[in-house]
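Chemist: One predicted model, sequence on top.
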Amino acid sequence: MKMHEVSYFLALCEEQSFTRAAKRCGVTQPSLTRAIKQLEQEFGGSLFDRTPAGNKLTDLGILVRPDLARIDQSATEAKRKAEKYLAAPSTPARQPRAMETTMRVLAIGIATIAIVLMGLTLRPTPEATAAMSGVSAGVDPAALQSTIDPKTLPELTGIALY
């Protein structure tokens with residue numbers, strides 16, 4: 001999912017016209033249509049009922065609209081914070097810590113958004129559900145935990161521990 005797709009979706013929600021939404025976003029109507037179709041493909045269903053009278057949100061569109069609005073709002077807030085940070089006079093000693101904090105906040109926000117979106121789009125297949133039904137009964141958590149070497153976790157996961 002790309003940020004412009006989110007912006008186009010929200011503009012189309014408000015305008016209910018591909019032509020007006022495209023004009024509002026400063027793009028051509030075919031570009032906006034392609035972006036909306038890409039977003040629909042990622043979500044796996046139609047976001048709008050397209051009629052000559054206007055374009056109305058489908059149930060899926062209604063479901064994801066608040067999340068996409070939060071994503072757009074978070075992106076706007078991140079840009080505002082970055083502009084404010086870059087415009088403020090800073091000392092060299094303070095700059096790395098402030099940048100590190102900002103990057104961590106952004107990383108947490110992006111991870112949260114990704115988790116929300118994965119929860120909306122990922123559903124277990126019937127095959128996976130059937131395959132997992134008998135798995136948990138034979139697993140001994142203590143035996144599984146004893147096979148994990150905490151010293152190798154950073155190597156295996158690629159995550160640096162501080």
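Modeler: Nice, I can see it. Residues are numbered from 1 along each chain as shown.
Chemist: Pretty sure residue 38 sits against residue 5.
Modeler: Yes: between residue 38 and residue 5 there is a contact under CB atoms under 8 Å: 6.1 Å. Bear in mind the C-beta positions are built from the backbone N, C-alpha and C, glycine included.
Chemist: between the two, which one's more packed in?
Modeler: residue 5 (19 against 15; other CB atoms under 10 Å).
Chemist: Which residues are in contact with the more buried one?
Modeler: 35-36, 38-39 (CB atoms under 8 Å, 6 or more residues apart in numbering).
Chemist: between the residues you listed, which is nearest residue 48?
Modeler: Of all the contacts of residue 5, residue 48 sits closest to residue 36, with 7.1 Å by CB to CB.
Chemist: picking up where we left off before, now the buried members of the contacts of residue 5.
Modeler: For the contacts of residue 5, a burial check counting by 16 or more other CB atoms under 10 Å picks out 35-36, 39.
Chemist: List just the nearest of those residues to residue 16.
Modeler: residue 36 (12.6 Å).
Chemist: by contact count, what packs against the lengthiest helix in the chain?
Modeler: Identified as the longest helix of the chain according to DSSP state H is helix 59-87. Counting contacts by 3 or more CB pairs under 8 Å, 6 or more residues apart in numbering; DSSP states H and E, helix 59-87 is packed against helix 3-15, helix 95-121.
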